[in-house]
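J.: what shape does this take:
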Amino acid sequence: MPAWHNTPGSRVHSTSSSAAFGGRINFDDLMGERHYSRWTAYGQSKLANALFATALHQRLHAAGHGTIANSSHPGLVMGNLQANSLQQSGTPFLERVLYGIGNVLIAQDLTMGVLPQLYASTAPAAKGGVFYGPKTMRLRGYPAEQKCNSALDDAALLTHFWQVSEQLTGVAYLS
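T.: Residues are numbered from 1 along each chain as shown. The predicted structure follows:
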């Protein structure tokens, strides 16, 4: 953190996923020990990335630091994430077909998918506390600000999320 505070224009960026749009944090079963669903867990983890960036930005700003924190998602990218996920999880046939069609019709290549992350991390106009992603249908295209999930606007949830994160990690800063 001292490096952030001593570096003008410093940033902390968290990479998320479009799964954050529908994600929710289940504090009653945070680790999925009582009920586990791979999609629910993935959505929760990606929402957690965006929540962390938002809460961190708010705390940095409140403490008077110039460092900003933001987050982004790449959209639908033709990478190996889907293929590996399908192979390792024994995914149903229909899901495999939908991934295949989506990759051909609407996915973008990796060079476009990385743009939201690069923009949020380096562009002079990028803001703190903002979620960036591809502009067109939130799936492809050049980076734009996006409304991620109403959880990012819930002050009580952000505070609780931060407190639980500190308890689980044993790391406390900007509290």
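J.: which stretches of this structure have low pLDDT?
T.: For the chain, the stretches with pLDDT under 70 are 80-91, 93-96, 98-104, 175.
J.: show me where it has helices.
T.: 2-5, 38-62, 81-89, 93-105, 110-113, 115-122, 155-169 (DSSP state H).
J.: any chance of those helices in a markdown table, plus mean neighbour count and distance to Pro143?
T.: To be clear about C-beta, it is placed using only N, CA and C from the backbone, and glycine gets the same treatment. Output for these, formatted as a markdown table (neighbours: other Cβ atoms under 10 Å; distance: least, Cβ to Cβ, whole Å):
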| stretch | mean neighbour count | distance to Pro143 |
| --- | --- | --- |
| helix 2-5 | 11 | 23 |
| helix 38-62 | 20 | 15 |
| helix 81-89 | 13 | 19 |
| helix 93-105 | 12 | 20 |
| helix 110-113 | 14 | 10 |
| helix 115-122 | 20 | 4 |
| helix 155-169 | 14 | 24 |
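J.: of the ones you listed, which approaches Ser14 most closely?
T.: helix 38-62 (4.1 Å; Cβ to Cβ).
J.: give the other helices and strands that the closest one contacts.
T.: Applying 3 or more Cβ pairs under 8 Å, 6 or more residues apart in numbering; DSSP states H and E, we find helix 38-62 packed against strand 11-15, strand 68-72, strand 131-136, helix 155-169.
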